[in-house]
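Engineer: sequence and predicted structure, then a few things I'm wondering about:
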Amino acid sequence: MSTEIQPYQVEFDEYLRDESRSVGHADSISFPKNEDELIEIVRKLSKTEIPVTVQGARTGLAAAAVPYGGHLINIGRMTRILGARYDEQDNRFFLTAEPGVLLSQLRKAVSSGEFEIAEPDDLTQAALCRYKAGEWFFSPDPTEASAALAGMVACNASGARSFCYGPVRPYVEALRLVLVDGRTLHIRRGEQKAKGRDFCLNLDDGSYIIGKLPDYAMPKVKNASGYYIEEDMDLIDLFIGGEGTLGIITQIELRLLPMPKAVWGITTFFPDEKSALRFVRGLRGEKEATGVEFSVKPAAIEFFNHKALDLLRIQKQKIAAFAHIQELKATYYNAVYTEFHADSEEKVWEMVEQMNQMLEALGVSPEDTWVANNPRDMEKLLVFRHAVPESVNMLIDQRRQKDPAITKLGTDMAVPDQYLDKIMDMYNGEIQTNGLDYVAFGHIGDNHLHVNILPRDMEDYRKGKALYLQWANAVSAMGGTVSAEHGVGKLKAPFLAVMMTDAGIEQMRALKAVFDPQGHLNPGNMFTMKKEGDA
Amino acid sequence: MNIVVCVKQVPATTEVKMNKETNTIIREGIEAIINPFDTYAIEEGVRIKEQGGGKVTVISMGIPKVADLLRETIALGADEAVLLSDKAFAGADTLATAYTLSLGIKKMGPVDLIICGKQATDGDTAQVGPSLAAKLGIPHTTYVRKIEEIREGTIRCQRLTEDGYEVIEMPLPAVITVVKEINEPRIPSFKGLMKAKKAEIPVWTADEIAADESLIGLKGSPTWVVSTFVPQHNVNSEMIEGKPEEQAKILVDKLLSLQLPLSK
Ligand SMILES: Cc1cc2nc3c(=O)[nH]c(=O)nc-3n(C[C@H](O)[C@H](O)[C@H](O)COP(=O)(O)OP(=O)(O)OC[C@H]3O[C@@H](n4cnc5c(N)ncnc54)[C@H](O)[C@@H]3O)c2cc1C
């Protein structure tokens, strides 16, 4: 029976870790198959003092789904798409899904139009009649397509295309949640808002939760650190990026976007870092960077530094799955990936020609590019991009065999535009001063790089950790964020404390306490609740 | 070295939907792409050219829209592309297709090597490459997974088999059909794309290749598709030994002894 709370056994070991490679422990585990079963489990637990960790597909990189004792609810069996809705007036298409639906599963359904909805209601049937495969897409793409939707919502995940389309947040139209005490909540965008910084949230049973929002200001960059707070905010946004600390998501309504007619991906290789950075700034519309006016917003601007390409060159020799990656010429120092979306091929050509002028101004040959304008080649570029974080993980696994205490130290920080060059100099310079091994890649359009420090031994690991904390301070001082997309989880809680200061953390604790006074839900994520007797 | 690569337009999906009444493939509403195996043929041609010099010309028989896909092959490194397109070609089976392609290739002048993909993903017959060689009266090797050497008018290649590979050497000109183990097709560069955008794709009609009307299109196609199904693979191989003449005799005797139904 799937409402069963099973005692923990070694066969469940895989559920104790996520892609951060940290390993926790649990006393019991459950695998609900639907909302009713999940509610029943939560109600049983609410009568105890047992803390609960919820997990999706465990692709998270901050140990947010890793339990440190108590009960573990795995939503991996709640994988149905439940319904669809078409809003004719604004030409918007919505899908309702269970929390464990994987991104890959959703994408497949969206592209094929085969949703396999078991009992479609009238709205769904009407919507599906209007649905044409290939006309819609779901824009969030956190690279790892095996992520679950609830995990993505809980982390407010982003991805390459967030440069243009934003993170998951604006695409979440409605949520169903169960609170730690077993009460449920159905919240739809636009229906329940805060008044200034005060809020009253109505629950399904007629009861309500009254509380006060923290008064910190959100950093003006892409961000996934701490509760999303805004005056008069829509209360649904509290749960998006809330890392599962306020409620358990049992249903998600997502909004799809009309599919652009033309999608092109272009990887350009540069001979040095300065010219790559000028190109990035040029693409963002900063004319002074290249002298060329660039008038459109690319869907994505991604970067792979020289160390990332070097690592790929090595892994390509060793790993069969990477052998298919195109040859990386010795003259390629680093790479910038750009994606263009438009209503017609002609429009993309216009963008591409402007981009070519920029390359000319930078002295980069049009031969040093990979241009994909069909699904076959787009897939190849995706494999290339995905191979970088995967290579990092493989390398770390190797090093852990020598010393299991070593983990990857991956940053997820973003800063405002004007600090791009400064932050790159900071990363490169301080890594070199400390003699560390690293690769850097990611969403450079948002000044959001994943610097992955790759410790060779414990000495490196300690140095890396110290450096990380130092960067958290520097980035916070620039008005940036310590986590722009992966979430804070357990691993980045010390950095959140730097960014938010004690006052901010204290206000977040107070907000959590109105939903979960005992701090039983996803304990340890973002911050720890103070226990009685704590100073 | 003059290299010709044959490509076909196929539907982007692998799940081919059939019209049950006419037993033909439903092509409406499905995006058209270059037959995936042909992209390996193009890449191999381009690599041979890059190493030893020469020219790669792509040829396809198809509807006028195929010109767009041919442009794509130029982005992938081909020098030129030719489209054989005429209403009279419509409805061609593998035999008529091979005949039509052979005329197009003859019109190009002397050719050293012709490369095809091992099969098209829509029909899956794998017949056009070998038929084309027969029409041109030149040797062929199918399922090539590696070209070991091209030298002094010969080609030596590895032919993929179920349990390994055979090494085959043939005089040039010759036809090879390639499997995807042979290489990794490149992603086009900007330079390739710009070239493709400007490229002119000549279109040759039945008259221009001096085709015999009775051998092209539906008229020239003896194949009738009665039904299609996925074959059960249950292969029992038996190697026949002896001199070629003896082998041929043994084979014919064996086939006759099976009393297979013969077409009239
Ligand atoms: C190779 C690689 C590349 C990646 N690249 C990106 C990237 O580019 N951008 C990006 O944003 N992310 C990226 N990620 C990480 C990303 O955070 C996760 O992929 C995803 O957002 C988490 O989904 P999940 O289902 O795996 O969640 P999990 O890791 O299982 O959990 C994450 C959080 O969600 C919570 N949660 C799960 N289910 C529920 C629920 N039902 N209710 C409430 N809370 C819940 C958990 O408690 C936890 O706090 C990458 C990961 C990998 C491995």
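Structural biologist: Right, received. Where do you want to start? Numbering: from 1, shown residues only, chains lettered A, B, ... in the order given.
Engineer: does the longest strand along chain B come close to chain A?
Structural biologist: Longest strand in chain B, counting residues (DSSP state E): strand B:140-151. No. For strand B:140-151, no contact with chain A is found by CB under 8 Å from any CB of the partner chain; the gap never falls below 14.5 Å. C-beta here means a position set from N, CA and C on the backbone, and glycine is covered the same way.
Engineer: which outside residues touch stretch B:6-13?
Structural biologist: Contacting residues not belonging to stretch B:6-13 are listed as A:375, B:25, B:27, B:30-36, B:38, B:41-42, B:58-63, B:65-66, B:69-70, B:73, B:101, B:114-117, B:120-122, B:128-129, B:132 [CB atoms under 8 Å, 6 or more residues apart in numbering or on different chains].
Engineer: can we see that at 7 Å?
Structural biologist: Under the contact criterion CB atoms under 7 Å, 6 or more residues apart in numbering or on different chains, stretch B:6-13 has outside partners B:27, B:30-35, B:38, B:42, B:58-60, B:62, B:66, B:69, B:73, B:101, B:114, B:116, B:120-122.
Engineer: give me the three-state assignment for residue B:56.
Structural biologist: strand (DSSP: H, G, I helix; E, B strand; the rest coil).
Engineer: wait, is residue A:177 part of a helix?
Structural biologist: No. If the criterion is three-state DSSP, then residue A:177 is strand and not within a helix.
Engineer: give the pairing partners of the longest strand of chain B; include direction for each.
Structural biologist: According to DSSP bridges, strand B:140-151 forms sheet pairs with strand B:154-161 (antiparallel), strand B:174-178 (parallel).
Engineer: what's the distance between that strand and the middle of its chain?
Structural biologist: 15 Å (CA atoms, centre = their mean, to the nearest Å).
Engineer: what does that strand contact?
Structural biologist: B:44, B:48, B:52, B:118, B:126, B:129-130, B:133, B:155-160, B:165, B:167-168, B:170, B:174-179, B:181-182.
Engineer: follow-up on the earlier one: please dump the strands paired with strand B:140-151 into TSV; it should also carry mean neighbour count for every row.
Structural biologist: Shown next, in TSV, are these (neighbours: other CB atoms under 10 Å in any protein chain shown):
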stretch	mean neighbour count
strand B:154-161	17
strand B:174-178	27
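Engineer: adding distance to the ligand, write those out as CSV.
Structural biologist: Formatted as CSV, those follow (distance: least, CB to the nearest ligand atom, whole Å):
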stretch, distance to the ligand
strand B:154-161, 34
strand B:174-178, 33
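Engineer: take the ones you listed and lay them out in JSON lines including distance to residue A:133.
Structural biologist: Below are these laid out as JSON lines (distance: least, CB to CB, whole Å):
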{"stretch": "strand B:154-161", "distance to residue A:133": "35"}
{"stretch": "strand B:174-178", "distance to residue A:133": "32"}
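Engineer: pipe those into JSON lines and attach mean pLDDT per row.
Structural biologist: Listed next are these as JSON lines, based on pLDDT from 0 to 100:
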{"stretch": "strand B:154-161", "mean pLDDT": "96"}
{"stretch": "strand B:174-178", "mean pLDDT": "96"}
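Engineer: quick check: which of those is nearest to residue A:490?
Structural biologist: strand B:154-161 (50.8 Å; CB to CB).
Engineer: the following helix or strand past the closest one pairs with which strands, parallel or anti?
Structural biologist: Using DSSP states H and E, the helix or strand that follows strand B:154-161 towards the C-terminus is strand B:164-171. According to DSSP bridges, strand B:164-171 forms sheet pairs with strand B:154-161 (antiparallel).
Engineer: report the buried residues of stretch A:198-209.
Structural biologist: A:199, A:201, A:203, A:209 (16 or more other CB atoms under 10 Å in any protein chain shown).
Engineer: just the residues you listed: which are in strands?
Structural biologist: Checking the buried residues of stretch A:198-209 against DSSP E, those in strands are A:199, A:201, A:209.
Engineer: pLDDT averaged over the longest strand of chain B - what is it?
Structural biologist: Averaged over strand B:140-151, pLDDT sits at 96.
Engineer: and stretch A:179-191, is it in reach of the ligand?
Structural biologist: No. Stretch A:179-191 lies apart from the ligand when judged by CB under 6 Å from any ligand atom; the minimum separation is 11.0 Å.
Engineer: next, the buried residues of that stretch.
Structural biologist: Using 16+ other CB under 10 Å as the test for burial, stretch A:179-191 gives A:179, A:180, A:181, A:182, A:183, A:184, A:185, A:187, A:189.
Engineer: now do that stretch: distance to the chain's middle.
Structural biologist: 23 Å.
Engineer: what's the answer for stretch A:65-76, then?
Structural biologist: Its chain's C-alpha centre and that of stretch A:65-76 lie 19 Å apart, by CA atoms, centre = their mean.
Engineer: how about stretch A:222-234?
Structural biologist: 15 Å.
Engineer: ok, the nearest residue to residue A:237 once chain neighbours are set aside - contacts?
Structural biologist: Nearest residue to residue A:237, sequence neighbours excluded (CB to CB, 6 or more residues apart in numbering or on different chains): residue A:228, at 4.8 Å. Shown in contact with residue A:228 (CB under 7 Å, 6+ apart): A:218, A:237, A:238, A:240, A:241.
Engineer: can you map out the helices along chain A?
Structural biologist: Remark: helices assigned in chain A by DSSP state H are A:35-46, A:103-112, A:122-130, A:149-155, A:162-165, A:236-239, A:273-283, A:306-318, A:345-361, A:375-402, A:420-433, A:458-477, A:493-515.
Engineer: and those, which is most packed in?
Structural biologist: With neighbours defined as mean count of other CB atoms under 10 Å in any protein chain shown, those peak in mean count at helix A:149-155, which reaches a mean of 30.
Engineer: just to revisit the earlier point, closest to residue B:238 among the ones in strands among the buried residues of stretch A:198-209?
Structural biologist: Nearest to residue B:238 among these, with distances taken as CB to CB, is residue A:201, at 77.3 Å.
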